[in-house]
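**Q** The sequence isn't on hand, but the structure is:
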């Protein structure tokens, strides 16, 4: 595979950065493997991810080492303690050497993993030492700045650099830098003019000040855009890679890539890049059939594989599709049952539900790993990465026709045009794409109506609920003047929000704030106006859901379809958790998962859900203790809590009630309708 | 309108100033006997009482928070966010916590704060002023009670209570991400 020098340098930079983060992650998991079974699977996923990247860049021996490291770690499963301890020590040592190699690549900026460390790594992970390869164009593994060490001296001479020492690099178009320089010069010049005007006693002050403001705003915009790279960074070399992989498997595949022009931040593209390669390798290996098999099935001999990227306001969406055989859903059903999932429930689930469960649970129907896509863990690795980043993954498949995997990632840096509005004495930004219109309420008195479900506003042919924005956002304090209404439209409908003031449309580059303004929360980011005022960027989807909640009268009957209610589901059994999740999501609930009580508290702290549904018996913090903690928190004291358990145990029921649980349901009878009915009785309803 | 003249600073005792600067710049392990046991601390007040915390956990001291914004979290809850060095940070009101009345965003205007790095990211911890940077010795250690109350590591020779740095980091994190 060959790249031009600039592209290769950029990709190697991305690899080094990813490798550094991966080694740090693997080290952490390594320390948990002995006590945490899930850590072993996570270890495999993480190593698998870096292996794909190494292979894609032509670092074949590094990929081999990672493959062997994955095997080495998987050997820990079921091994006698003494043997496991020795094996674990080998894994640790290998990680140290790997980390040292990455650190050297970082320090030297070289395009190659140090040969001496590769020679040390190979026997460590059970590979025969390879003959050093001559550097080849575009795929060198011989570091130029390496220091020879004894191949048997397995310990690295110096400690690996910590992850935070890695300097983040970005590659930007020269024209953009030129434009930034021009604006900076303009800013300096107009600032000087302003200074002179001020010193001269006022003549030309306003003009000069306007010039400063314009140049500064332009400079801010261009510098913000420099953080956004074209998606090509995530797609470079993909076609060549697919061609090579397909040729090695005797397949013919045509690749179509769309969305190269999409711009996103480096970190998101870096994550997307690894995930795309996982999915593409899976498609090439397992999806698209051989020419003979395709012709026998009445398909063209050449398979098609599509990759498309699209950037929404704050999300990067990626679709990887193929016209191959589709997923082996029957095999997946068997594998899930073999792993302990309820056979009857799996049999009753649709293919889509089974695929989604499979993607999120992880695993493989394959008995052995292949060099192209490993054990088929790629899909679950991608699902996990997407979810960990705050995104999601969806799988669709049709037997004999192909498969389509869509994943989303929240963008770390993005720009948005927002309408600024005042409510409750604060300033908020509403993304302009979601704002349909603004209405001066004093001039639209005839369109206002107070009905049994609250105040409405007639806008054209439509009657919309009118909710004070401050109320929808849950702000304390008296209602404001409500002089204007802003009509906000989303996928789930529209509503009008009364605000005190409507300001200008501002270009914002919002930043997330841990625990406060995050992807998918009510406020997704904080931005700043030219005068320095902070603006909370409101999530229109969450706002519309909050408006529905604000209008629902306490004690009102539950709707037949409780859409948009958000559930935090705490359940330690992976299979049960996923089955419950699928059940709830199928009925329109939005579900966030937690593997135990501690994790559930974290999920709740990140964003208050509409209800907590929790298993009783869980590690770290059980459902009873979780309920007590929820009741003890000021912000969560009134959160509805529904406990789930396998058996109807009076003692557990009493303990739950004493802890403050609102309802108690049996898992064997649990379904989304029953939950909706229960929530309705608790006064938790959605439109 | 005329430009303001550039102020010219004249140190009265340059040798002493330089010696003091050198002493402050020295790392802990490089102290002379006279400096042994000295802790570098940021001093502040809580409920009117002098307090301090080791500088190791403090990324930045902010004399006064400017234009804090109350950000709704839904269901009536909200958290203050403030810009420090062009970066929005969540605010945890330690002074309010110590006084038994956590303040809303508007009441935090002008409050001094220490930016503390936590595993969840930097957090601006609002304290009482004035802030000061100094060195002091630990005069007495103090048993650390469990619970949500302020946890002290001991008392400094100058009389200030030394807030347990580890506790403060954990508290700040919990305050913004319970």
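**A** Here it is on my side, so go on. Predicted, not measured: the structure shown is a model, and the values here were computed from it.
**Q** Kindly tell me how buried residue A:443 is, as a neighbour count.
**A** If you count neighbours by other C-beta atoms under 10 Å in any protein chain shown, residue A:443 ends up with 8. Yep, even glycine has a C-beta here, placed from its N, CA and C like the rest.
**Q** before we move on, what SS does it have?
**A** Three-state call for residue A:443 (DSSP: H, G, I helix; E, B strand; the rest coil): helix.
**Q** Show the pLDDT at it.
**A** Residue A:443 is assigned 84 on the pLDDT scale.
**Q** just residue A:516 next, same as before
**A** Predicted confidence (pLDDT) for residue A:516: 85.
**Q** so it touches residue A:523, yeah?
**A** Yes. The pair residue A:516 / residue A:523 is scored as a contact, 7.1 Å apart, by C-beta atoms under 8 Å.
**Q** anything in contact with each of these two?
**A** B:71, B:73 (C-beta atoms under 8 Å, 6 or more residues apart in numbering or on different chains).
**Q** What parts of the stretch 301-450 of chain A come near chain B?
**A** When proximity is defined by C-beta under 8 Å from any C-beta of the partner chain, the stretch 301-450 of chain A lies next to chain B at A:425, A:426, A:427.
**Q** Where is pLDDT lowest across those?
**A** Lowest confidence among those: residue A:425, with 85.
**Q** burial of that one, as a residue count?
**A** Count around residue A:425 with other C-beta under 10 Å applied: 14.
**Q** now swap in residue A:350 and tell me
**A** Neighbour count of residue A:350, defined by other C-beta under 10 Å: 11.
**Q** Same check on residue A:461?
**A** Number of residues near residue A:461 (other C-beta under 10 Å) recorded here: 5.
**Q** try residue A:476
**A** 12.
**Q** same deal with residue A:116?
**A** 24.
**Q** Tell me the secondary structure of it, please.
**A** helix.
**Q** confidence score at it?
**A** For residue A:116, the model assigns a pLDDT of 82.
**Q** do you know how far it is from residue A:97?
**A** 10 Å (C-beta to C-beta, to the nearest Å).
**Q** Could you do residue A:596 as well?
**A** Counting by C-beta to C-beta - residue A:596 and residue A:97 are separated by 35 Å.
**Q** Contact residues of chain B facing chain A?
**A** Residues of chain B lying near chain A (C-beta under 8 Å from any C-beta): B:1-3, B:66-67, B:69-79, B:81-83, B:86-90, B:106, B:120-121, B:176-178.
**Q** What about the residues of the stretch 301-450 of chain A next to chain B, which are in strands?
**A** Those of these mapping onto strands are A:426, A:427, per DSSP state E.
**Q** now, among the residues of the stretch 301-450 of chain A next to chain B, which is nearest to chain B?
**A** residue A:426 (6.1 Å; C-beta to the nearest C-beta).
**Q** Contacts only, for the closest one.
**A** When contacts are counted by C-beta under 8 Å, 6+ apart, residue A:426 touches A:475, A:536, B:69, B:70.
**Q** Surely the third one touches residue A:529?
**A** It refers to residue B:69. No. Here residue B:69 lies out of contact with residue A:529, judged by C-beta under 8 Å, at a distance of 11.5 Å.
**Q** which residues do those two both contact?
**A** Counting by C-beta under 8 Å, 6+ apart, the residues touching both residue B:69 and residue A:529 are A:427, A:535.
**Q** Looking at those two, which is more packed in?
**A** Per other C-beta under 10 Å, whichever of residue B:69 and residue A:529 has more neighbours is residue B:69, with 27 against 17.
**Q** For the more buried one, list each beta-bridge partner.
**A** residue B:81 (DSSP bridges).
**Q** re the thing from before, residue A:596 and residue A:97 - which one has more neighbours?
**A** Set residue A:596 next to residue A:97 and count neighbours by other C-beta under 10 Å: residue A:97 wins out with 27 against 19.
**Q** so what does the strand or helix carrying the more buried one touch, helix or strand wise?
**A** Under the criterion of DSSP states H and E, residue A:97 resides in helix A:81-108. Applying 3 or more C-beta pairs under 8 Å, 6 or more residues apart in numbering or on different chains; DSSP states H and E, we find helix A:81-108 packed against helix A:5-32, helix A:60-74, helix A:115-124.
**Q** Lowest mean pLDDT across the ones you listed, which one is that?
**A** helix A:5-32 (a mean of 72).
**Q** what element comes up after that one heading to the C-terminus?
**A** From helix A:5-32, the next helix or strand downstream (DSSP H and E) is helix A:37-56.
**Q** same for that following helix, what does it pack against?
**A** On a contact count with 3+ C-beta pairs under 8 Å, 6+ apart, helix A:37-56 meets helix A:5-32, helix A:60-74, helix A:266-282, helix A:378-388.
**Q** just those helices: most buried one?
**A** Counting by mean count of other C-beta atoms under 10 Å in any protein chain shown, helix A:266-282 has the highest mean neighbour count of the helices and strands packed on helix A:37-56, with a mean of 25.
**Q** okay, the angle between that one and helix A:378-388?
**A** With axes from the mean of the first three to the mean of the last three C-alpha atoms, to 10 degrees defining the directions, helix A:266-282 sits at 160 degrees from helix A:378-388.
**Q** Quick check: next helix or strand after helix A:266-282?
**A** By DSSP H and E, the next helix or strand past helix A:266-282 is helix A:291-296.
**Q** What is that following helix packed up against?
**A** Helix A:291-296 sits against no helix or strand, with contacts defined as 3+ C-beta pairs under 8 Å, 6+ apart.
**Q** Please point out which parts of it sit buried.
**A** A:291, A:294 (16 or more other C-beta atoms under 10 Å in any protein chain shown).
**Q** which residues are in contact with that helix?
**A** With contact meaning C-beta under 8 Å, 6+ apart, helix A:291-296 is reached by A:250, A:251, A:252, A:288, A:300, A:301, A:302, A:303, A:325.
**Q** List the buried residues for the helix or strand just after that helix?
**A** Counting by DSSP H and E, the next helix or strand C-terminal to helix A:291-296 is strand A:303-311. In terms of neighbour count (16+ other C-beta under 10 Å), strand A:303-311 has its buried residues at A:303, A:304, A:305, A:306, A:307, A:308, A:309, A:311.
**Q** Give me the lowest-pLDDT entry from the contacts of residue A:426.
**A** By pLDDT, residue A:475 ranks lowest within the contacts of residue A:426, coming in at 84.
**Q** and that one, how many neighbours does it have?
**A** That count, for residue A:475 with other C-beta under 10 Å as the rule, works out to 20.
**Q** show me what contacts it?
**A** A:423, A:424, A:426, B:70, B:72, B:78 are the contacts of residue A:475 under C-beta under 8 Å, 6+ apart.
**Q** is it true that the first one touches residue A:480?
**A** Meaning residue A:423. Yes. Using C-beta under 8 Å, residue A:423 makes contact with residue A:480 at a distance of 6.1 Å.
**Q** More neighbours: those two, which one.
**A** The neighbour comparison of residue A:423 against residue A:480 (other C-beta under 10 Å) goes to residue A:423, with 27 against 19.
**Q** which residue sits closest to that one, ignoring its sequence neighbours?
**A** Take residue A:423 and drop its neighbours on the chain: the residue closest to it by C-beta to C-beta, 6 or more residues apart in numbering or on different chains is residue A:469, 4.0 Å away.
**Q** Tell me how many other residues crowd that neighbour.
**A** When counting by other C-beta under 10 Å, one arrives at 32 neighbours for residue A:469.
**Q** which ones are touching it?
**A** A:421, A:423, A:424, A:428, A:486, A:497, A:498, A:499.
**Q** what's next to stretch A:584-599, contact-wise?
**A** Residues outside stretch A:584-599 that contact it (C-beta under 8 Å, 6+ apart): A:353, A:561-572, A:574, A:577, A:581, A:600, A:602-603, A:607, A:609, A:613-614, A:618-623, A:625-626, A:629, A:672-673, A:675-676.
**Q** Now go through those and say which are in strands.
**A** Using DSSP E, these in strands are A:566, A:567, A:568, A:569, A:570, A:613, A:614.
**Q** ok, those residues vs chain B, which is closest?
**A** Looking across those and measuring by C-beta to the nearest C-beta, the closest to chain B is residue A:566, at 9.6 Å.
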